[in-house]
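Asks: Fold the stuff below for me.
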Amino acid sequence: MAIPTIRTERLLLREFSSRDAPSVQALAGSREVASTTLTIPHPYEDGMADSWIKGHSAAWDDRKSLTLAIATESDGLVGAIGLHFGAETWACRTRILDWRTLLESGLRD
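Replies: All right, here's what the predicted structure looks like:
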């Protein structure tokens, strides 16, 4: 089954593509963003974004997780949202990473 796309008035939630890798590396690789998560390494080295993106399709096919790019018309890629499915509990854990907001909110200081 294809990874879904969701469009709202302000946002587009879509599948990541390899074209997103440079933006993911720049945004997720920021020390300000990495310091707010347990799962983003710093430094975020070359190739890490592409490897991360390549794993999304198989994880969705196996119903382990769904990871979507968060994009806006004006800014393009701004973050990610991940839904992680736990078969043993039938639970769903959500993670939203709004990278641009973190960077623009003054966390640099």
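
Asks: mind listing the helices in the protein by residue range?
Replies: Remark: helices assigned in the chain by DSSP state H are 21-28, 31-34, 48-54, 56-61, 99-104.

Asks: could you dump those helices to TSV with mean pLDDT and mean neighbour count?
Replies: All C-beta spots, glycine's among them, are computed from the backbone N, C-alpha and C. Shown next, in TSV, are those (pLDDT from 0 to 100; neighbours: other Cβ atoms under 10 Å):
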stretch	mean pLDDT	mean neighbour count
helix 21-28	92	19
helix 31-34	83	18
helix 48-54	96	17
helix 56-61	94	15
helix 99-104	59	17
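
Asks: Out of these, the one nearest I6 is which?
Replies: Nearest to I6 among the helices of the chain is helix 56-61; the distance by Cβ to Cβ comes to 13.8 Å.

Asks: Return the distance of the closest one from the chain's centre.
Replies: Helix 56-61 has its C-alpha centroid displaced from the chain centroid by 14 Å (Cα atoms, centre = their mean, to the nearest Å).

Asks: Tell me the predicted confidence for the most centrally placed residue in the chain.
Replies: Taking Cα atoms, centre = their mean, the centroid of the chain lies closest to A80, which sits 2.7 Å from it. Note on A80: pLDDT of 89.

Asks: what pairs with I81 across the strands?
Replies: Judged by DSSP bridges, the bridge partners of I81 are L68, I96.

Asks: Could you export the helices of the chain as a markdown table, including distance to E73?
Replies: Below are those laid out as a markdown table (distance: least, Cβ to Cβ, whole Å):
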| stretch | distance to E73 |
| --- | --- |
| helix 21-28 | 15 |
| helix 31-34 | 22 |
| helix 48-54 | 22 |
| helix 56-61 | 23 |
| helix 99-104 | 14 |
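
Asks: Which one, of those helices, ends up nearest to D75?
Replies: Judging the helices of the chain by Cβ to Cβ, what sits closest to D75 is helix 99-104, at 6.3 Å.

Asks: quick one: the residue nearest to L12 when sequence neighbours are not counted and E32, what's the gap?
Replies: Residue nearest to L12 in three dimensions, not counting chain neighbours: A71, with 4.6 Å by Cβ to Cβ, 6 or more residues apart in numbering. Using Cβ to Cβ, to the nearest Å, one gets 20 Å for the distance from A71 to E32.
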